[in-house]
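Enquirer: below are the sequence and a predicted model; questions follow.
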Amino acid sequence: LWNFTKSYLDEYGLMNWQIDESGKVIGEGSASDADEDIAYALHLAAKKWNNENYSKAASDMLNSIKKYDISSDYILLPGDKWRDNIKLNPSYIAPLYYLDFQNIEGQDKNYWKKVSEANMNLLQKYADKDTGFLPDWINEDGSVENKDNILGYDSVRVPIRLLSFYK
């Protein structure tokens, strides 16, 4: 999987988000949830097999995530090409990962703690007051374009990512 991923990294070292069945990139730019999943998988592989190459790849991926997928106020962006028209996808937030990322050699513990806190605060802020559910996408101003997207295709993953954090 890592070899496949490496062949589809964009100019920032993050994987293009959509590849068709013939291997052609049809969705340029990364999706930060996949970037986080890749970095976390590399981190786990490095620990499992005591492999420095995986460890370095995880650290390199995290450095790209920090530079291109996270805003200056520590908010997770949808991907590396989302500097304009910023939106939040709550299902991309992976608080358990952030706790582990701070323990990877060369990573700043304080940085990942700030990422975790900032994004957890957003989840709490935008969660439905009655159900706790979140929409698939939230605009930068906090609005939701389609009020029917509460617990939609993307946001159904939020509880899964939070369960691993609170275990």
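Expert: Perfect, thanks for sending it.
Enquirer: state the phi and psi torsions of Ile19.
Expert: Per-residue torsions, Ile19: phi -120, psi 130 (degrees, to the nearest 10).
Enquirer: likewise Leu9?
Expert: Torsion angles at Leu9 (phi, psi; degrees, to the nearest 10) stand at phi -70, psi 140.
Enquirer: gap between it and Ile75?
Expert: With distances taken as CB to CB, to the nearest Å, Leu9 is found 23 Å from Ile75. (Glycine included, C-beta is placed from N, CA and C.)
Enquirer: for Lys125, same thing?
Expert: 11 Å.
Enquirer: okay, now the unreliable bits of the protein?
Expert: Where the chain drops to pLDDT under 70, the residues are 84-85, 147-148, 165-167.
Enquirer: for it, just list every one of the strands.
Expert: 18-19, 25-27, 87-88, 138-139 (DSSP state E).
Enquirer: mind putting the ones you listed in JSON lines, distance to Asp130 and mean neighbour count included?
Expert: JSON lines is the format used below for these (distance: least, CB to CB, whole Å; neighbours: other CB atoms under 10 Å):
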{"stretch": "strand 18-19", "distance to Asp130": "35", "mean neighbour count": "14"}
{"stretch": "strand 25-27", "distance to Asp130": "35", "mean neighbour count": "12"}
{"stretch": "strand 87-88", "distance to Asp130": "20", "mean neighbour count": "18"}
{"stretch": "strand 138-139", "distance to Asp130": "17", "mean neighbour count": "18"}
